[in-house]
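1. Provided below are the primary sequence and the corresponding predicted coordinates.
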Amino acid sequence: MKISDIKLEMELYGVDSEDIAEILELCKSKGYDTQIIDTELEKKGYERIFSINYDDDDDDDDFDAEYPSVQKFGHKKNYID
């Protein structure tokens, strides 16, 4: 991931330009690791951007409970005598 990509992602998520500059300056000395960037974002009050834990999304389990099951039909015709 390029520095310009990191900067663009933070801009798209609404991070202030001053905070972006501070985080990028800090990353020059520590390296451009996504964990470091996300930790710095959380310290400044933002959400994680680069390392999202998808296991925390438990709301998706109940998504299918609203819909009835569907019976699938085969693609071949079945002739019964």
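-> Arrived safely, thanks for sending. Numbers count the residues shown, from 1 in each chain.
2. could you list the low-pLDDT ranges of the chain?
-> Across the chain, the ranges flagged by pLDDT under 70 are 53-65, 73-76, 78-81.
3. could you look up the SS state of the residue most central in space within it?
-> Centroid check for the chain by Cα atoms, centre = their mean gives Ile52 as the closest residue, at 4.8 Å. Three-state call for Ile52 (DSSP: H, G, I helix; E, B strand; the rest coil): coil.
4. the chain should start at 567 in everything you say after this.
-> Sure, I'll start numbering at 567, so the last one becomes Ile618.
5. and the helices in the protein, which stretches?
-> 569-578, 583-596, 600-609 (DSSP state H).
6. what's in contact with the last one?
-> This points to helix 600-609. 567, 572, 576, 581, 585, 588-589, 592-593, 596, 613-617 (Cβ atoms under 8 Å, 6 or more residues apart in numbering). C-betas here are computed from N, CA, C, even on glycine.
7. just the buried members of those?
-> Buried subset of the contacts of helix 600-609 (neighbour count, 16 or more other Cβ atoms under 10 Å): Ile572, Met576, Val581, Asp585, Ile589, Cys593, Ile615, Phe616.
8. tell me which two of those sit farthest apart.
-> Based on Cβ to Cβ, the longest span within the buried ones among the contacts of helix 600-609 runs between Asp585 and Phe616 and measures 14.7 Å.
9. ok, Ile586 touching Ser570?
-> No: look at Ile586 against Ser570 with Cβ atoms under 8 Å: they stay out of range, at 11.5 Å.
10. between those two, who's got more neighbours?
-> When Ile586 and Ser570 are compared on other Cβ atoms under 10 Å, the one with more neighbours turns out to be Ile586, at 17 against 8.
11. and that one, what does it touch?
-> By Cβ under 8 Å, 6+ apart, Ile586 lies in contact with Lys573, Met576, Glu577.
12. try it again with 6 Å
-> Shown in contact with Ile586 (Cβ atoms under 6 Å, 6 or more residues apart in numbering): Lys573, Met576.
13. cool, Glu575 as well?
-> Contact partners of Glu575, counting by Cβ under 6 Å, 6+ apart, are Ile615.
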